[in-house]
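Trainee: have a look; sequence and predicted model below, questions after that.
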Amino acid sequence: HTYTYTHKMDLDHFYFESQTSLHCGLHALNNLFQGPVFRAEQLDDIASEIKIGGETLLTHYSTRFGNYDINTLMVACSRHNVDLQQFDRRKDLSELPLQEPSVVGLLINIQSSGLVKSFFRVTRLFNARHWLAVVPYVDRSGRELFAWIDSKVGLRELTAEALLRLLQKHVHNSAEIFVAQRTIRPLLE
């Protein structure tokens, strides 16, 4: 594959938000966009506006805690001309369109692990899942890499091959992958 990288920098210069409350969706978006583009209040407002079948459903987040679902994240991204498309997990991961110039990165929803997962499974308060971002970049020496940005763990530098291996591991554990792609809006005449 030939990848198109939008960021030219070293991993230590990446924007990074660490986990607070259950706002991993918020942090994953800001890490994907490489800046404080979204606030919790904005995502709360989006989540409360989502209507399915004419009914307002408040299942898209948990008030004051976050825990945003994909519907909320999709609307937030669309307001910044980025479309989130779910990647079919049955396909080979080498079919991810990472080489497309319009691809900003990936949002990945993985199973949570450890005490958080155990607590939520026992209390049944939330689905124990976690959002993270993957952003392509070129480091200062010209290497084409990916930043795996997890608000609970930190940043990790990966080659394309290492990224695909890590994604495969998570897909086997029910991960969902969403491709973030810039949209082209036609000019109004």
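Mentor: That came through fine.

Trainee: which residue is nearest the centroid of this structure?
Mentor: Geometric centre of the chain, nearest residue: L107, 2.2 Å, by C-alpha atoms, centre = their mean.

Trainee: within the helices and strands, which one has H130?
Mentor: strand 129-138 (DSSP states H and E).

Trainee: tell me the mean pLDDT over that strand?
Mentor: Mean pLDDT, strand 129-138: 94.

Trainee: now it, how far from the centre of its chain.
Mentor: Distance of strand 129-138 from its chain centroid, counting by C-alpha atoms, centre = their mean, to the nearest Å, is 6 Å.

Trainee: what is the subsequent helix or strand relative to it?
Mentor: Taking DSSP H and E, what comes next after strand 129-138 is strand 144-150.

Trainee: contact partners for A133?
Mentor: A133 is in contact with 28-29, 31-32, 105-108, 147, 149, counting by C-beta atoms under 8 Å, 6 or more residues apart in numbering. All C-beta atoms are positioned from the backbone trio N, CA, C, and that covers glycine.

Trainee: need the max-distance pair from those residues.
Mentor: Greatest spatial distance in the contacts of A133: L29 and A147, 14.7 Å, computed using C-beta to C-beta.

Trainee: would you mark the buried spots in whichever helix or strand L84 is part of?
Mentor: Using DSSP H and E, L84 maps to strand 82-86. Across strand 82-86, burial judged by 16 or more other C-beta atoms under 10 Å covers 82-84.

Trainee: where does this protein have its least confident helix or strand?
Mentor: Across the helices and strands of the chain, the lowest-confidence element by mean pLDDT, DSSP states H and E is helix 114-123, at a mean of 47.

Trainee: what about the helices in the protein?
Mentor: 24-33, 40-49, 70-78, 114-123, 160-171 (DSSP state H).

Trainee: which residues are contacting the third one?
Mentor: Okay, so that is helix 70-78. Counting by C-beta under 8 Å, 6+ apart, 25, 28-29, 38, 42-43, 46-47, 49-50, 60-61, 83-84, 86, 107, 109, 131, 176, 178, 180, 183 sit against helix 70-78.

Trainee: ok, L84 - contacts?
Mentor: By C-beta under 8 Å, 6+ apart, L84 lies in contact with 70, 73-74, 77, 107, 178-181.

Trainee: if we use 6 Å, what do you get?
Mentor: By C-beta atoms under 6 Å, 6 or more residues apart in numbering, the contact set of L84 is 74, 77, 178, 180.
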